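Visitor: whatever this is, show me its structure:
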Amino acid sequence: MRILLVNPNISDSVSDLIRDEARRSASPGTEIEVKTAPFGVAYIETRFEALVGAYAAAQVAAENVQRFDAVVVAAFGDPGLTGLRELLPVPVTGMTEAALASAHLLGHRISIIAISQRIQAWYREVVDSYGFGSRLASIRALDRPISAIGGVQQEHAQALKALAERAVDEDGAEVIILAGAPLAGLARSLQGQLPVPVVDGVSSAVRHAETLVSLKPGRAQRGSFARPPAKPHRGLPDAIARLLDSPR
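Guide: As a prediction, the model looks like this:
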């Protein structure tokens with residue numbers, strides 16, 4: 001089995017974190033490859049940045065999907081996930097979707113720990129779109145400058161842990177999701193240090209992707225996730241154009 005994880009941001013240091021955690025989490029025999037967006041921003045905090053990241057993820061996925069059995073959108077907020085699910089011929093999941101699915105099996109009240117205050121509104125909208133709004137106990141986030149996005153864990157580990165503890169004590173969280181690719185692997189480091197289960201988006205996405213491939217569920221032929229209808233287009237990257245033009 002081969003799984004492609006697409007980092008919709010331009011930060012190679014974050015791609016390294018994604019790759020390390022994905023390989024630790026994957027089943028024996030699963031091959032992991034991580035691709036970084038060729039354009040965009042260092043990390044996504046806003047709706048517009050998510051729009052840019054979604055297009056970058058679409059380009060990378062379209063260029064590489066032929067070699068893989070599943071694709072993971074490796075950024076919290078899953079920019080472009082639902083569109084990719086329409087177009088790509090393999091299962092697609094994302095860090096938020098997979099983390100919420102994992103958390104759903106571990107407790108009722110879910111809190112998300114994030115890396116910035118600005119990111120909270122967009123995250124809340126994404127959680128609502130997946131139908132988990134009523135399960136969300138809180139989103140708590142760092143309120144301090146980030147000097148290097150790939151070093152957030154090392155620089156702010158204690159503050160992130162403290163936010164998780166407050167989510168449990170003050171918000172009634174029964175499960176903690178550590179949000180964002182820059183926090184990939186932190187749940188593993190905090191294992192046993194928090195009083196509730198802790199979920200990592202990268203490891204959840206890899207495991208759920210493996211499950212989807214193994215289940216062989218087929219792809220949508222009807223409904224909202226069926227292939228986009230054929231129509232004229234112009235100016236699209238070659239790989240995206242080929243997928244749009246491929247036989248239904």
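Visitor: in terms of helices and strands, where is Ser15?
Guide: helix 12-25 (DSSP states H and E).
Visitor: and that helix, what does it pack onto?
Guide: With contacts taken as 3 or more C-beta pairs under 8 Å, 6 or more residues apart in numbering; DSSP states H and E, helix 12-25 sits against strand 2-7, strand 31-36, helix 201-215. Every C-beta, even on glycine, is put in place using the N, C-alpha and C of the backbone.
Visitor: could the ones you listed be laid out in JSON lines, adding distance to Val90 and mean neighbour count?
Guide: Output for those, formatted as JSON lines (distance: least, C-beta to C-beta, whole Å; neighbours: other C-beta atoms under 10 Å):
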{"stretch": "strand 2-7", "distance to Val90": "9", "mean neighbour count": "25"}
{"stretch": "strand 31-36", "distance to Val90": "13", "mean neighbour count": "19"}
{"stretch": "helix 201-215", "distance to Val90": "8", "mean neighbour count": "22"}
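Visitor: reformat the ones you listed as a markdown table; add mean pLDDT.
Guide: Below are the helices and strands packed on helix 12-25 laid out as a markdown table (pLDDT from 0 to 100):
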| stretch | mean pLDDT |
| --- | --- |
| strand 2-7 | 98 |
| strand 31-36 | 98 |
| helix 201-215 | 97 |
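Visitor: could you dump those to TSV with distance to Ala184?
Guide: Output for those, formatted as TSV (distance: least, C-beta to C-beta, whole Å):
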stretch	distance to Ala184
strand 2-7	10
strand 31-36	10
helix 201-215	4
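Visitor: of all the ones you listed, which one is nearest Arg23?
Guide: In terms of C-beta to C-beta, the element of the helices and strands packed on helix 12-25 nearest to Arg23 is strand 31-36, at 5.1 Å.
Visitor: list the strands paired with the closest one, with their directions.
Guide: Note on strand 31-36: by DSSP bridges, its sheet partners are strand 2-7 (parallel).
Visitor: what does stretch 50-59 contact?
Guide: 6, 8-9, 37-41, 44, 73, 75, 77, 79-80, 83-84, 87, 122, 237, 239-240 (C-beta atoms under 8 Å, 6 or more residues apart in numbering).
Visitor: let me know the angle separating the top helix by length along the chain from helix 12-25.
Guide: Ranked by residue count under DSSP state H, the longest helix found in the chain is helix 152-171. Between helix 152-171 and helix 12-25, the angle comes out at 70 degrees (axes from the mean of the first three to the mean of the last three C-alpha atoms, to 10 degrees).
Visitor: and the contacts of helix 152-171?
Guide: 17, 109, 111, 113, 115, 137-138, 140-142, 144, 146-148, 173, 176, 178, 182-183, 185-186, 189-190, 193-196, 198.
Visitor: got a quick ChimeraX command for the buried subset of these?
Guide: Entered in ChimeraX, the line below selects the buried ones among these, by 16 or more other C-beta atoms under 10 Å:
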select :17,109,111,113,115,137,138,140,141,142,146,173,176,178,182,183,185,186,190,194,196,198
